[in-house]
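Colleague: fold the following and give me the result.
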Amino acid sequence: MDVFHRDGADLSCGSEEVPVPVEGRTRPTFQYSPDNVQGPGCTVDPSEVTLPGCSCLSHSCCSESCSCLQTHGRAYDSTGALLDLSRTDSGYCSPVFECNTLCPCSDACSNRVVQRGLRLRLQVYGTRNRGWGVRTLQEIPRGTFVCEYAGEVIGFEEARRRQLAQRSEDNNYIIAVREHSGTGSVVETFVDPAQVGNVGRFLNHSCRPNLFMVPVRVHSVIPRLALFAGRDIDAREELTFDYSGGDSKQSPAELRSDATARASRTDGLRRKACHCGATNCTQFLPLDLAILS
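Modeller: Just a heads-up that it's a prediction; the model follows:
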């Protein structure tokens with residue numbers, strides 16, 4: 001059943017540093033969690049500390065002495081904004097590793113951003129034709145960390161089982177992230193916030209989004225799926241990201257043609273129409289067929 005609460009009440013029930021108000025009196029039943037949790041098929045607890053720390057004793061780490069920054073490179077500028085914004089244009093971003101709980105540097109270290117959690121004023125609200133959505137109540141500069149897409153981290157087989165069990169009217173929350181290393185290996189992470197998740201579960205897809213996703217590792221080898229602003233975002237603007245990852249180099253016409261072709265071969269699953277309204281809209285929401293193979 002649905003949970004009834006006061007209009008504007010904090011969706012996170014105090015688990016976030018900043019309240020997440022809801023415009024409306026009902027919301028789907030789910031457990032709010034600001035962090036990833038271990039789900040079926042996941043062999044590593046996301047809350048377990050599995051990465052080494054630096055030995056910096058300074059208030060904030062610097063590239064000259066910090067082993068975290070020397071190994072993985074500096075990810076953020078002095079304001080906490082992401083330095084590598086090539087992701088917005090090319091579908092690529094450098095891996096991001098933050099200082100963690102084993103590092104003696106302070107909580108104010110410039111290499112600690114995503115782990116600080118939600119810091120922006122966001123609101124969940126009902127859209128005209130796309131169900132729930134999320135909008136910002138303040139301006140967001142380009143490169144700013146906005147929120148995580150947090151939920152149950154599950155294995156491939158569990159992701160496939162859940163995908164196949166979905167009905168045509170169900171929402172698909174499962175995000176599959178594949179990281180390609182220089183050795184040719186691929187690391188897959190599946191996150192499903194349907195039952196346990198955070199404000200990120202309410203973000204809608206857009207074929208021309210204003211957010212982009214970056215896997216960020218903090219304490220665990222399991223990445224946090226962090227969403228950053230791909231451009232300057234105005235207050236009251238809806239926040240969206242590309243469910244497919246936005247890696248395609250095809251033109252809008254090619255994308256529409258390809259999406260139409262894929263619509264007829266989804267192992268019995270009907271692709272959902274996209275209502276993002278972008279001029280480059282592909283007409284269908286992304287569907288990860290690799291999970292179904």
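Colleague: report the central residue of the protein.
Modeller: Nearest to the mean C-alpha position of the chain, by C-alpha atoms, centre = their mean, lies Y149 at 3.4 Å.
Colleague: ok, now which ones touch that one?
Modeller: I175, V191, P193, N198, G200, R201, L203, M213, L225, A226, L227 (C-beta atoms under 8 Å, 6 or more residues apart in numbering). Where you see a C-beta, it was placed from the backbone N, CA and C, and this is true even at glycine.
Colleague: so the first one touches F190, yeah?
Modeller: Yes. Under the contact definition of C-beta atoms under 8 Å, I175 touches F190, with a separation of 7.3 Å.
Colleague: would you mind measuring from the residue of the chain most remote from its centre to G80?
Modeller: No residue in the chain sits farther from the centre than L57, which is 31.7 Å out by C-alpha atoms, centre = their mean. Using C-beta to C-beta, to the nearest Å, we find L57 at a distance of 22 Å from G80.
Colleague: and what of A194?
Modeller: 30 Å.
Colleague: quick one, strands of the stretch 101-250 of the chain?
Modeller: Ranges of strands in the stretch 101-250 of the chain, per DSSP state E, counting those that start in this stretch, are 122-126, 132-136, 145-148, 151-154, 175-180, 186-197, 204-205, 211-217, 224-229, 238-241.
Colleague: name the helices or strands packed onto the fifth one?
Modeller: Pointing back at strand 175-180 there. Using 3 or more C-beta pairs under 8 Å, 6 or more residues apart in numbering; DSSP states H and E, the elements in contact with strand 175-180 are strand 186-197, strand 211-217.
Colleague: ok, residues contacting it?
Modeller: Under C-beta under 8 Å, 6+ apart, the answer for strand 175-180 is 95, 149, 159, 186-192, 213, 215, 223, 225, 243, 245, 288, 290-291.
Colleague: pull out the buried residues from that strand.
Modeller: I175, A176, V177 (16 or more other C-beta atoms under 10 Å).
Colleague: that strand - what's its average pLDDT?
Modeller: The average pLDDT within strand 175-180 is 88.
Colleague: okay, angle between it and strand 211-217 too, please.
Modeller: Interaxial angle of strand 175-180 relative to strand 211-217 (axes from the mean of the first three to the mean of the last three C-alpha atoms, to 10 degrees): 60 degrees.
Colleague: between strand 186-197 and strand 175-180, find me the angle.
Modeller: Between strand 175-180 and strand 186-197, the angle comes out at 160 degrees (the same axes, to 10 degrees).
Colleague: parallel or antiparallel, list what pairs with strand 175-180.
Modeller: Using DSSP bridges, the strands paired with strand 175-180 are strand 186-197 (antiparallel).
Colleague: show me which positions of the strand it pairs with end up buried.
Modeller: T189, F190, V191, D192, P193, A194, Q195, V196, G197.
Colleague: how about stretch 271-286?
Modeller: Neighbour counts over stretch 271-286 (16+ other C-beta under 10 Å) mark R271, K272, C274, H275, C276, C281, T282, Q283, F284, L285, P286 as buried.
Colleague: quick one: which of these is nearest P46?
Modeller: Using C-beta to C-beta, P286 comes nearest to P46 of the buried residues of stretch 271-286, at 24.2 Å.
Colleague: done for today, thanks.
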